[in-house]
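1. okay, here's the prediction I keep looking at, along with the sequence it came from:
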Amino acid sequence: MFEGLSKRLGDVFDKLRGRGALSEADVDAALREVRTALLEADVALPVVRDFVDSVRPKAIGADVIRSVTPGQMVVKIVNDHLVEMLGGTVSDLDLNAIPPVVILMVGLQGSGKTTSSAKIGYRLSQGPMGMAAEFGGSFSVKRRVMMASLDTRRPAAQQQLKILGEQTGVATLPIVPLEMPLAITRRALETARREGFDVLILDTAGRLSIDEELMKEVADISALAKPKETLLVADAMTGQDAVNVAKAFNERLAVTGIVLTRVDGDSRGGAALSMRAVTGRPVKLIGVGEKFDALEPFHPDRIASRILGMGDIVSLVERAAETIDKEDAEKLAARVRKGQFDMDDLLNQLRQLRKMGGLSGLMGMLPGAMQAKAAMSKAKIDEGQLKRQEAVILAMTPKERRNPDVIHASRKKRIAKGSGVQVQDVNKLLKQHADMLKMMKRVNKLGEKGFMRGLGGMMQPPGFPR
């Protein structure tokens with residue numbers, strides 16, 4: 001998400017940074033391009049208008065004129081206003097109430113309500129164990145969670161939530177055939193109180209579009225359940241339509257927050273940028289993948305940095321902390337110090353990289369993300385290569401993984417056939433492993449400082465004094 005917007009804004013600000021002084025005409029020209037970029041990204045017109053009107057007075061103010069780097073100063077002003085437009089601060093789930101605390105999930109059919117319900121239930125029931133540092137607040141305490149499906153219209157909707165509950169280890173309300181939504185709500189509340197659950201998540205029905213029947217049903221459920229949190233689930237891929245849906249739900253219900261799904265897709269980002277401004281309600285959580293742990297708090301400052309190509313190092317470090325097992329990392333470090341790094345170790349590193357979002361996911365969090373992705377594209381680096389390399393290693397026998405030197409011509413043919421690749425691909429992976437092992441042995445021999453000095457010497461241009 002935001003890739004197109006990031007590229008457009010990056011081009012605009014590159015022009016500004018290249019100038020020693022900025023005139024009012026320069027700023028106006030840049031803001032016209034910013035306005036066009038935001039509109040193309042599906043940001044609501046009133047939001048774009050307010051954004052540009054707020055930025056312009058500061059961008060042509062005395063602070064910018066006196067600044068040593070006026071272009072950078074304008075970027076900072078735009079960044080600050082982006083953060084403000086996105087909500088300013090992280091908005092946590094409010095679960096401070098007498099149990100069972102009710103979370104009501106609302107939205108259109110297909111927006112991802114049921115999956116998001118399971119993700120939230122999983123996160124709340126996991127508590128702090130295995131959680132990234134960013135999941136503080138509501139997610140820092142382990143809670144007993146029960147989920148209940150009130151969707152009696154969509155075929156197998158209740159069964160879907162039941163299966164997701166079994167997969168995540170979150171309790172679900174037993175299904176009673178032909179029971180109506182309000183009756184299910186009463187039974188869920190009674191069961192949650194009687195059995196001592198801390199949180200009750202109610203997954204409501206959706207429609208393909210907003211209608212009076214849907215709104216009345218959800219309003220009646222809300223009046224009965226008295227939820228502490230009413231979360232509107234919106235698909236980021238639907239762009240401007242998601243903003244219109246949010247506005248309609250917010251006018252009829254006491255929506256407390258928004259959950260944006262499919263943020264990892266190729267949506268233009270306008271929904272995320274418009275939601276807060278149009279509804280006055282914060283985006284609280286974002287779905288960044290299919291897995292149950294692919295749910296993150298919405299950090300306005302980090303999203304703004306990512307949009308402006310300044311990266312998101314904090315999220316990158318947190319994602320690493322969440323996915324990397326400290327004990328496994330220490331074991332690998334000990335093996336490397338002994339000069340041991342076999343194919344099983346390489347397989348674990350490839351899987352680790354995929355868990356962290358793959359190459360493109362990590363690139364998006366680094367400063368200069370657009371340039372990095374362009375370099376990847378130019379070099380024709382294929383994300384699917386990680387999967388193919390995994391397949392090659394899995395096609396090897398345990399003996400071959402422990403000692404790749406035994407892999408000769410006939411074994412290579414067997415491995416290539418078993419993994420669905422060419423023999424050349426097997427050779428490339430074996431060479432990659434050999435190069436990594438060689439580098440690790442060199443580090444051990446010279447020490448890190450000695451290795452870096454040697455590497456620095458290798459990188460100096462010819463004729464440079466050494």
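-> It's in. Since the model is a prediction, treat every value here as computed from it, not as a measurement. Numbering: from 1, shown residues only.
2. and the pLDDT at the closest residue in space to M215 that isn't next to it in sequence?
-> Take M215 and drop its neighbours on the chain: the residue closest to it by Cβ to Cβ, 6 or more residues apart in numbering is R252, 4.9 Å away. Where you see a C-beta, it was placed from the backbone N, CA and C, and this is true even at glycine. pLDDT, R252: 83.
3. next, count neighbours for R252.
-> Burial measure for R252: 16 neighbouring residues, criterion other Cβ atoms under 10 Å.
4. I figured it hits D220, correct?
-> No: when contacts are counted by Cβ atoms under 8 Å, R252 is not listed as touching D220 (11.5 Å).
5. strands along this structure, start to end?
-> When assigned using DSSP state E, the strands of the chain occupy the ranges 101-106, 145-149, 171-172, 199-203, 229-235, 257-261, 283-287, 295-297.
6. N348: which of the ones you listed is closest?
-> With distances scored as Cβ to Cβ, the stretch of these nearest to N348 is strand 295-297 (24.1 Å).
7. let me see the domain layout of the protein.
-> Residue ranges for the domains of the chain, per automatic domain parsing: 3-85, 101-298, 325-357+385-459.
8. low-scoring stretches of the stretch 51-200 of the chain, by residue?
-> Counting by pLDDT under 70, the stretch 51-200 of the chain contains low-confidence ranges at 61-72, 128-137.
9. and if you look at the stretch 201-350 of the chain?
-> If you take pLDDT under 70 as the line, the stretch 201-350 of the chain has these spans: 239-240, 264-272, 306, 308-339.
10. coming back round to it: quick one: closest of the domains of the chain to A304.
-> Between the domains of the chain, domain 3-85 lies closest to A304; by Cβ to Cβ that is 3.9 Å.
11. so V141 sits right up against Q126, yeah?
-> No: judged on Cβ under 8 Å, V141 makes no contact with Q126 at a distance of 10.3 Å.
12. who has more neighbours out of the two?
-> Neighbour count, other Cβ under 10 Å: between V141 and Q126, Q126 has more, with 20 against 12.
13. backbone phi and psi for the closest residue to the more buried one other than its chain neighbours, please?
-> Excluding its sequence neighbours, the residue lying closest to Q126 (Cβ to Cβ, 6+ apart) is K142, at 6.8 Å. Backbone torsions for K142, taken as degrees, to the nearest 10, come to phi -80, psi 130.
14. look up how far G169 lies from K142.
-> Distance, K142 to G169, by Cβ to Cβ, to the nearest Å: 12 Å.
15. what's the answer for R154, then?
-> With Cβ to Cβ as the criterion, R154 and G169 are 24 Å apart.
16. about what we covered before: deepest of the domains of the chain, which one?
-> When you average the neighbours per residue for each of the domains of the chain (mean count of other Cβ atoms under 10 Å), domain 101-298 leads with a mean of 19.
17. quick one, what contacts the residue nearest to M215?
-> Listed by Cβ atoms under 8 Å, 6 or more residues apart in numbering, the contact partners of R252 are M215, V218, A219.
18. adding distance to F292, write those out as JSON lines.
-> Shown next, in JSON lines, are these (distance: Cβ to Cβ, whole Å):
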{"residue": "M215", "distance to F292": "30"}
{"residue": "V218", "distance to F292": "25"}
{"residue": "A219", "distance to F292": "30"}
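19. is L232 in contact with N250, as I believe?
-> Yes: between L232 and N250 there is a contact at 7.3 Å, judged by Cβ under 8 Å.
20. mind listing residues that contact stretch 157-176?
-> Contact partners of stretch 157-176, identified using Cβ under 8 Å, 6+ apart, comprise 114-115, 117-118, 121-122, 125, 144-149, 151-152, 184, 187-188, 191, 197, 203, 205, 292.
21. anything in contact with each of L232 and N250?
-> R281.
22. thinking again about what came up before, S305 is nearest to which of the domains of the chain?
-> domain 3-85 (7.0 Å).
23. circling back: got TSV for the strands of the chain, with distance to V83 too?
-> Formatted as TSV, those follow (distance: least, Cβ to Cβ, whole Å):
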stretch	distance to V83
strand 101-106	27
strand 145-149	32
strand 171-172	38
strand 199-203	30
strand 229-235	21
strand 257-261	17
strand 283-287	13
strand 295-297	15
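24. who wins for proximity to V90 among these?
-> Closest approach to V90 among those (Cβ to Cβ): strand 295-297, 5.3 Å.
25. please name every helix or strand in contact with that closest one.
-> helix 113-126, strand 283-287 (3 or more Cβ pairs under 8 Å, 6 or more residues apart in numbering; DSSP states H and E).
26. in a markdown table, list those along with distance to G418.
-> What follows is these, written out as a markdown table (distance: least, Cβ to Cβ, whole Å):
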| stretch | distance to G418 |
| --- | --- |
| helix 113-126 | 34 |
| strand 283-287 | 35 |
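27. out of the ones you listed, flag the one nearest F341.
-> So among those, helix 113-126 is nearest, using Cβ to Cβ, at 32.4 Å.
28. just want the angle from that closest one to strand 101-106.
-> Put simply, helix 113-126 runs at 160 degrees to strand 101-106, going by axes from the mean of the first three to the mean of the last three Cα atoms, to 10 degrees.
29. alpha carbons of helix 113-126, as PDB, please.
-> Output in PDB follows, covering the C-alpha atoms of helix 113-126 (Å, rounded to 0.1, in the frame of the first residue of the first chain):
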ATOM      1  CA  LYS A 113     -14.900  -9.100   9.800                       C
ATOM      2  CA  THR A 114     -14.800 -12.800  10.700                       C
ATOM      3  CA  THR A 115     -11.000 -13.100  10.100                       C
ATOM      4  CA  SER A 116     -10.300  -9.900  12.000                       C
ATOM      5  CA  SER A 117     -12.500 -11.200  14.900                       C
ATOM      6  CA  ALA A 118     -10.300 -14.300  15.100                       C
ATOM      7  CA  LYS A 119      -7.100 -12.200  14.800                       C
ATOM      8  CA  ILE A 120      -8.100  -9.900  17.700                       C
ATOM      9  CA  GLY A 121      -9.300 -12.900  19.700                       C
ATOM     10  CA  TYR A 122      -6.000 -14.700  19.200                       C
ATOM     11  CA  ARG A 123      -4.000 -11.600  20.100                       C
ATOM     12  CA  LEU A 124      -5.900 -10.900  23.300                       C
ATOM     13  CA  SER A 125      -5.800 -14.600  24.400                       C
ATOM     14  CA  GLN A 126      -2.000 -14.800  23.800                       C
END
